[in-house]
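Colleague: here is my input; please provide its structure:
(chains A and B)
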2 protein chains.
Amino acid sequence: MNARLRDIEQLHIELPDLDWITDPNRIERLSQDFSWFSPVLKRQLDGKVADSVVRPRTEDEIRRLVAACARLKLPLTIRGSGTGNYGQTTPLAGGVVLDMTGYNGVLWTRPGVARAQAGIRLNELEKATRPTGWELRCVPSTFRSATLGGLFGGGFGGVGSINHGPLAAPGNVLGIKAMTIEPEPQIVELRGAEAMRMHHLWGTNGLVLEIEVGLAPCQPWLETLVTFADFDQALAFADEVARAPGLAKREVAFFASPVPDYLSQLAEHLPKGCHAVLSLVAEPGEEAMKAMAAARGGTVSYRRSADEVARSHKTLMEFTWNHTTLHALKVDKTLTYLQTSFTAGQHVQQITELTKRYAGEVFMHAEFLRTMDGQLSCSALQLVRFTTEERLAEIIQEHRDYGVRINNPHTFIVEDGKAGGDLPEEVVAMKRRFDPLGLLNPGKLRHHPVAG
Amino acid sequence: MNARLRDIEQLHIELPDLDWITDPNRIERLSQDFSWFSPVLKRQLDGKVADSVVRPRTEDEIRRLVAACARLKLPLTIRGSGTGNYGQTTPLAGGVVLDMTGYNGVLWTRPGVARAQAGIRLNELEKATRPTGWELRCVPSTFRSATLGGLFGGGFGGVGSINHGPLAAPGNVLGIKAMTIEPEPQIVELRGAEAMRMHHLWGTNGLVLEIEVGLAPCQPWLETLVTFADFDQALAFADEVARAPGLAKREVAFFASPVPDYLSQLAEHLPKGCHAVLSLVAEPGEEAMKAMAAARGGTVSYRRSADEVARSHKTLMEFTWNHTTLHALKVDKTLTYLQTSFTAGQHVQQITELTKRYAGEVFMHAEFLRTMDGQLSCSALQLVRFTTEERLAEIIQEHRDYGVRINNPHTFIVEDGKAGGDLPEEVVAMKRRFDPLGLLNPGKLRHHPVAG
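Modeller: Have a look, this model is predicted:
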């Protein structure tokens, strides 16, 4: 037994009342996330596994665990439910995976705000807020299983970002409570901009215990698919619905052919070869939206009222954002994907040009959203027919040369993904303050200020 | 007694059960609106008065009145509660003023939609929708007295247009029921784009009976004034709040110095010489909004929670849009105003340049809104120190030459105001269809297709 494993054993002995997961298969599974979407990450992270996984249920359990790990200098990797795509829950240096899903209470809700423990599933949080007339502002397509802490630690936004922008926009996250990784852990409330210094850092610079989020008023969302024979008309319709200030909406996605062909569960509603627009528009806007579709030659091929959606427990939301990728990968294992941010105002032109340029290799799936400063734009999660890592890197570089931003999902290094370069000094300062021993998820920050 | 007055007498005899207003002072008052904001309209409309005013209470009363007027070829001018500014309720050719305020029932509400008779006051309609969690999308500052039909017939939007754009944006008005002006009046339901062909036509091309409007979810609106010593910082703060996708809001107005000095009822909150930003932001956004204010050197000088506003029956909404003008005119009778639409994306620069250019003569009051295609922009209702009609016309022309749009409020001709040119053929067709005898508000359309 090496020193690391002796320390793990020591931990189990010191904290026998914690919920330890000891089955090697479960430990392996709980060391992974959806990074297998990327053939690059799949190769790089192969075999990386925790020495132990623990699922604390109270702040006191978390505190005792953190204190012990800090004393033993054991690496700690924080995990929600593993719906992330960047390998952020895979420990590169073994140690303990801290599964937060047992720490999942709603603390309070009031009009337009809720506060919950980080391990709560988004769907469970929304079950608590909906009866009061409020829903979550920005949720990933994985909302059924994804946790609030996971969204904060590794997410961007998603369904609802067409109204509220990315999760990082001021007002979406109001505050967090975080713990330092020290033998005597400290607990600190961080508000506003200061809280956001732990956002999208993959749990590398602090352990987030509680999150307070802004909510959106519930509306009766009509779910539709509108199909088109013509690419330009389909994209123009999506853009028009997304822009229209008189149409309340929660989601608008554009799938260029052949993306709809991969959505096999919706096949009866998606004629082979079509372009499709998926939307959630508030029911009162149905007439106006249908008039826009008709004017552009679109066909409403799927329509579910808000009541029908609620009764069926099926929602088109689970065909958007990275769920589109997931459905496609189920059908064709040779696919992978890109994450692209277009330029607000030029997004229609950029989508059109890039779709043509990569016909047969990169398939356009664009999500409409508001940027940090409220402009309408798109992000794309294009499907890519994967050949080699070199070709994938070339495609990424060509997109950057063209003038769009790529948030590279084929890296497990924070700086090389969405952050796209050196971290701001205030984020690095957070790392120093909350993880002075450098135990959090080691290896995911390229330049961290702690002597490992 | 001339022929016209004999006809009026005939009308009274034929329809004795209608609510006729016969007192000459009341007839004079009910022939006017707030066109006195304009010294030009005040001069032009002086002495224009109805021969009779009637206040029907049912569709049947309206139908019988219209049938009789059509038979007698009596001019009919439709009026809400007279909060308009373009003289649209002042009959140029005498005849009957049809006061719609007695026809004021709520027909139904459902999530996100309500339908009511045109004469309902906006505040009364909102009293019916609020308990179900919904409020009106776009309301003028005159919402307490203004009617739904008046807003549709002569309004633009207002508070809430920062989310939903102008009233004309698809989805805001879902449909109307209108009556033709004929001896046998027909009643027609018009939906969507077709309904909008009677919008902002000042009741010249149809008599609107019922209106169905999209609603917005209620949110707990915090009302604040933030004051600044620096013009640029104040405007940048207003723009930032208006853009911020994570801040739910209902209203953002910018008052450059000396506009706040005219708001005497708020004087204790507005230091002499300050620039001020008035906003309604949802309460959960308060911290984020205050951080933005502090970063730009702003001072929160007035703050009322949603509960405090509800209890006090006082709202800052009644200091926005043309209420700002009203408050200023109460203090200084030499003022009048402009209506300006800036170019989305260039609005901050345009506001800055125009404010400097007209220092001492035109005082900037800008309202943030979304355009028809969802871009953030501003309209301004600048205060103007009036000297002569020639100078006013010159200022308007200079603004147009500079490159911003002026919706001239100093004309009673539809084409010369917001419409800004010839009317679309489909609007003219509506006039032919709904007013074949040319009886509606004659003189307000320059080119109408009916031989008068």
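Colleague: tell me where the stretch 301-450 of chain A has strands.
Modeller: Here the stretch 301-450 of chain A has its strands, by DSSP state E, counting those that start in this stretch, at A:335-337, A:340-341, A:362-363, A:365-370, A:376-380, A:383-385, A:405-406.
Colleague: of all those strands, which one is nearest chain B?
Modeller: Ranking the strands of the stretch 301-450 of chain A by proximity to chain B (Cβ to the nearest Cβ) places strand A:365-370 first, at 4.2 Å. Quick note: C-beta positions are derived from backbone N, CA and C, even for glycine.
Colleague: strand A:376-380 and the closest one, what's the angle between them?
Modeller: 150 degrees (axes from the mean of the first three to the mean of the last three Cα atoms, to 10 degrees).
Colleague: so for strand A:365-370, mean pLDDT?
Modeller: For strand A:365-370, the mean per-residue pLDDT is 98.
Colleague: neighbouring strands of that strand in the sheet, and parallel or not?
Modeller: Strand A:365-370 has its sheet partners listed here by DSSP bridges as strand A:249-255 (antiparallel), strand A:376-380 (antiparallel).
Colleague: just the CA trace of the last one, in CSV.
Modeller: To tie it back to what came earlier, the one meant is strand A:376-380. C-alpha atoms of strand A:376-380 as CSV (Å, rounded to 0.1, in the frame of the first residue of the first chain):
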residue,chain,number,x,y,z
LEU,A,376,-29.1,38.8,-29.7
SER,A,377,-26.6,36.3,-31.0
CYS,A,378,-26.0,32.6,-31.3
SER,A,379,-23.8,29.9,-29.9
ALA,A,380,-23.3,26.8,-31.9
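Colleague: where's it relative to the chain centroid, distance-wise?
Modeller: Strand A:376-380 has its C-alpha centroid displaced from the chain centroid by 16 Å (Cα atoms, centre = their mean, to the nearest Å).
Colleague: quick one: average pLDDT of that strand?
Modeller: If you average the pLDDT over strand A:376-380, you get 98.
Colleague: from A:Pro245, how far out is the closest residue to A:Ala288 other than its chain neighbours?
Modeller: Distances taken as Cβ to Cβ, 6 or more residues apart in numbering or on different chains place B:Pro170 nearest to A:Ala288, at 4.0 Å, with adjacent residues excluded. Distance, B:Pro170 to A:Pro245, by Cβ to Cβ, to the nearest Å: 9 Å.
Colleague: cool, and A:Val40?
Modeller: 41 Å.
Colleague: who in the stretch 151-300 of chain A is up against chain B?
Modeller: Applying Cβ under 8 Å from any Cβ of the partner chain, one finds that the stretch 151-300 of chain A approaches chain B through A:163-165, A:169-172, A:174-175, A:191-193, A:214-220, A:240, A:242-248, A:282-285, A:287-289, A:291-292.
Colleague: please indicate which of those are buried?
Modeller: Neighbour counting over these (16 or more other Cβ atoms under 10 Å in any protein chain shown) leaves A:163-165, A:169-172, A:174-175, A:192, A:214-220, A:240, A:242-248, A:282-285, A:287-289, A:292 as the buried ones.
Colleague: among those, name the ones in helices.
Modeller: A:163-164, A:192, A:240, A:242-243, A:287-289, A:292 (DSSP state H).
Colleague: closest to B:Ala116 out of those?
Modeller: A:Glu287 (18.2 Å; Cβ to Cβ).
Colleague: what about A:Leu5, which SS state?
Modeller: helix (DSSP: H, G, I helix; E, B strand; the rest coil).
Colleague: now it. Nearest residue, chain neighbours left out?
Modeller: A:Asp51 is the one closest to A:Leu5 (Cβ to Cβ, 6+ apart), at 6.5 Å.
Colleague: before we move on, what about A:Pro140?
Modeller: That would be A:Gly158: by Cβ to Cβ, 6+ apart, it lies 4.2 Å from A:Pro140.
Colleague: could you do A:Cys274 as well?
Modeller: A:Thr227 (4.2 Å).
Colleague: and if you look at A:Gln88?
Modeller: A:Trp202 (3.7 Å).
Colleague: tell me the contacts of the one you found?
Modeller: A:84, A:86, A:88, A:153-154, A:414, A:441, A:444 (Cβ atoms under 8 Å, 6 or more residues apart in numbering or on different chains).
Colleague: where does the closest residue to A:Pro75 other than its chain neighbours land on pLDDT?
Modeller: Closest residue to A:Pro75 apart from its sequence neighbours, by Cβ to Cβ, 6+ apart: A:Gly95 at 3.0 Å. As predicted, A:Gly95 sits at a pLDDT of 96.
Colleague: returning to that earlier point: B:Gly374: which of the strands of the stretch 301-450 of chain A is closest?
Modeller: Of these, nearest to B:Gly374 by Cβ to Cβ is strand A:376-380, at 5.9 Å.
Colleague: what does that closest one rub up against?
Modeller: A:156, A:239, A:242-243, A:254, A:338-345, A:347, A:351, A:364-371, B:374-375.
Colleague: for A:Val213, give me the pLDDT.
Modeller: Value listed for A:Val213 in the pLDDT field: 98.
Colleague: what's the burial count for it?
Modeller: When counting by other Cβ atoms under 10 Å in any protein chain shown, one arrives at 26 neighbours for A:Val213.
Colleague: phi first, then psi, for the residue nearest to A:Leu5.
Modeller: Note on A:Asp51: its backbone torsions stand at phi -80, psi -30 [degrees, to the nearest 10].
Colleague: how many neighbours does A:Val53 have?
Modeller: There are 24 residues near A:Val53, going by other Cβ under 10 Å.
Colleague: sheet partners, orientation included, of the helix or strand containing it?
Modeller: Secondary-structure element containing A:Val53, defined by DSSP states H and E: strand A:52-54. Here strand A:52-54 is paired, per DSSP bridges, with strand A:20-21 (antiparallel), strand A:96-99 (parallel).
Colleague: tell me which of these sits most buried.
Modeller: strand A:96-99 (a mean of 26; mean count of other Cβ atoms under 10 Å in any protein chain shown).
Colleague: after that strand comes which helix or strand?
Modeller: strand A:106-110.
Colleague: whichever helix or strand comes after that following strand: which residues count as buried?
Modeller: Once the chain leaves strand A:106-110, the next helix or strand it forms, by DSSP H and E, is strand A:113-117. Across strand A:113-117, burial judged by 16+ other Cβ under 10 Å covers A:113-117.
Colleague: show me chain A divided up by domain.
Modeller: Following automatic domain parsing, one gets these domains for chain A: A:3-100, A:102-217, A:221-406.
Colleague: ok, which of the buried residues of strand A:113-117 also contact chain B?
Modeller: Residues of the buried residues of strand A:113-117 in contact with chain B (Cβ under 8 Å from any Cβ): A:Val113.
Colleague: which member of the buried residues of strand A:113-117 is positioned nearest chain B?
Modeller: A:Val113 (4.4 Å).
Colleague: how near is the spatially most central residue of chain A to A:Val173?
Modeller: Among the residues of chain A, the one closest to the centroid is A:Gly155, at 3.3 Å (Cα atoms, centre = their mean). Distance, A:Gly155 to A:Val173, using Cβ to Cβ: 11 Å.
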